[in-house]
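Engineer: structure, please.
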Amino acid sequence: MPLLTYEDARPWARSIRQNVVQRVMPPWHIDRNVGIKEFKNSVALSDAEIATIAKWVDDGAPKGDPADMPPPRQFEDNDRWSIGQPDLIVRMPSDIVVTARAPDAWRNIAVDTGVTEDRYIQAFEVKPIKGHRVIHHAGGSLISPDGKTSFLEAYGIGKNGNTLDEGTGILIRAGS
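Structural biologist: Numbering: from 1, shown residues only. Here you go, the predicted structure:
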């Protein structure tokens, strides 16, 4: 459901309140009561933000003064690489067609990186590039010539690539 305008959001006010107060939305599946509590890329709402949303709904979800509205959100271009222009692109051997109303599909697809000598990477991104983007989740793992597997990247709607800290990287062995 779109929530770009007041008119989009208003019919959902009570549901929004419930899901925000219960910390179901926005999705952030970290238990705030266990272990690390602060994350640099957290999308979790603060207690003050949750209280503001709850009060707005409790007050009847008024529209407010249009002069106080922020400018419309500008969304990123889905065709743009979030990691910058890559110097290596590894493509699947063939397209996968996802049919309408099909069940979830879990596939393991081996793709040759084409890497002929050991090299390091500092950033990586999984990117659906053709057709209507219906991929909900995808993952990328690296399989070395010796058969060892290491997880690289998880793709999810709204999640972009990963760039490692300066001076760090992941070794890709030739033939991976």
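
Engineer: packing partners of the biggest helix by length in the chain?
Structural biologist: In the chain, taking DSSP state H as the definition, the longest helix is helix 47-58. Secondary-structure packing of helix 47-58 (3 or more C-beta pairs under 8 Å, 6 or more residues apart in numbering; DSSP states H and E): helix 13-21. Any C-beta I mention is one placed from the backbone N, CA and C, and that applies to glycine too.

Engineer: what does the helix it packs on rub up against?
Structural biologist: 9, 25, 45, 50, 53, 54, 56, 57, 58, 61 (C-beta atoms under 8 Å, 6 or more residues apart in numbering).

Engineer: so what's the last one closest to, chain neighbours aside?
Structural biologist: Distances taken as C-beta to C-beta, 6 or more residues apart in numbering place residue 13 nearest to residue 61, at 3.9 Å, with adjacent residues excluded.

Engineer: centre of the chain to stretch 21-34, how far?
Structural biologist: Distance, stretch centre to chain centre, for stretch 21-34: 16 Å (C-alpha atoms, centre = their mean, to the nearest Å).

Engineer: that stretch: end-to-end distance?
Structural biologist: 19 Å (C-alpha to C-alpha, to the nearest Å).

Engineer: buried sites along that stretch?
Structural biologist: For stretch 21-34, a neighbour-count test (16 or more other C-beta atoms under 10 Å) marks residue 23 as buried.

Engineer: next: stretch 5-16.
Structural biologist: So, applying 16+ other C-beta under 10 Å, buried residues of stretch 5-16: residue 16.

Engineer: domain map for this protein?
Structural biologist: 6-68, 77-176 (automatic domain parsing).

Engineer: now render those as CSV, adding mean pLDDT.
Structural biologist: Converted to CSV, the domains of the chain look like this (pLDDT from 0 to 100):
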stretch, mean pLDDT
domain 6-68, 90
domain 77-176, 84
